[in-house]
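[1] task: produce atomic coordinates for the following.
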Amino acid sequence: MTNLFNRFLKDEDGATAIEYGLIAALIAVAIITAVTALGDELTSAFGTIEDELEGAIDDSTTGTGTGTGTGTGTGTSG
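    From the prediction side, this is the model:
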């Protein structure tokens, strides 16, 4: 019985598994943090693009745009 108890005290397999589990959890937290920050940046960027596009559409439908088109198309009409 003493031999079994001594082997149990010297066994480090469980500690190693716990260490690997903690490392995996830390990596997961880092990935989640990075993805969340990137998601916020992308949301902001696409929001800005959306606002610019909506402004351009509003300007083109109301005729208040500042376009200086020259009308130099080369298409032919039927």
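
[2] could you report the neighbour count for Asp59?
    13 (other Cβ atoms under 10 Å). In short, each C-beta sits where N, CA and C put it, glycine included.

[3] against Thr36, how distant is it?
    Here the distance between Asp59 and Thr36 works out to 35 Å (Cβ to Cβ, to the nearest Å).

[4] now swap in Ile18 and tell me
    In this structure, Ile18 and Thr36 are 27 Å apart, going by Cβ to Cβ.

[5] over to Arg7?
    For Arg7 relative to Thr36 (Cβ to Cβ), the value is 45 Å.

[6] next: Thr61.
    With Cβ to Cβ as the criterion, Thr61 and Thr36 are 37 Å apart.

[7] mean confidence score for the helix or strand harbouring Ala25?
    Element membership for Ala25 (DSSP states H and E) is helix 13-62. Confidence over helix 13-62 (mean pLDDT, whole number) is 90.

[8] that one - contacts with which helices or strands?
    Helix 13-62 is packed against no helix or strand, with contacts defined by 3 or more Cβ pairs under 8 Å, 6 or more residues apart in numbering; DSSP states H and E.

[9] chain center to it: distance?
    Between the mean C-alpha location of helix 13-62 and the chain-wide mean there is a distance of 3 Å, by Cα atoms, centre = their mean, to the nearest Å.

[10] how far away is Ile57 from Thr43?
    Taking Cβ to Cβ, one finds Ile57 at 21 Å from Thr43.

[11] what do you get for Phe5?
    Between Phe5 and Thr43 the distance, using Cβ to Cβ, works out to 58 Å.

[12] repeat that for Asp13.
    45 Å.

[13] more neighbours: the two, which one.
    Between Asp13 and Thr43, counted using other Cβ under 10 Å, the more crowded position is Thr43 (10 against 7).

[14] can you point out the buried residues in stretch 46-66?
    Across stretch 46-66, burial judged by 16 or more other Cβ atoms under 10 Å covers no residue at all.
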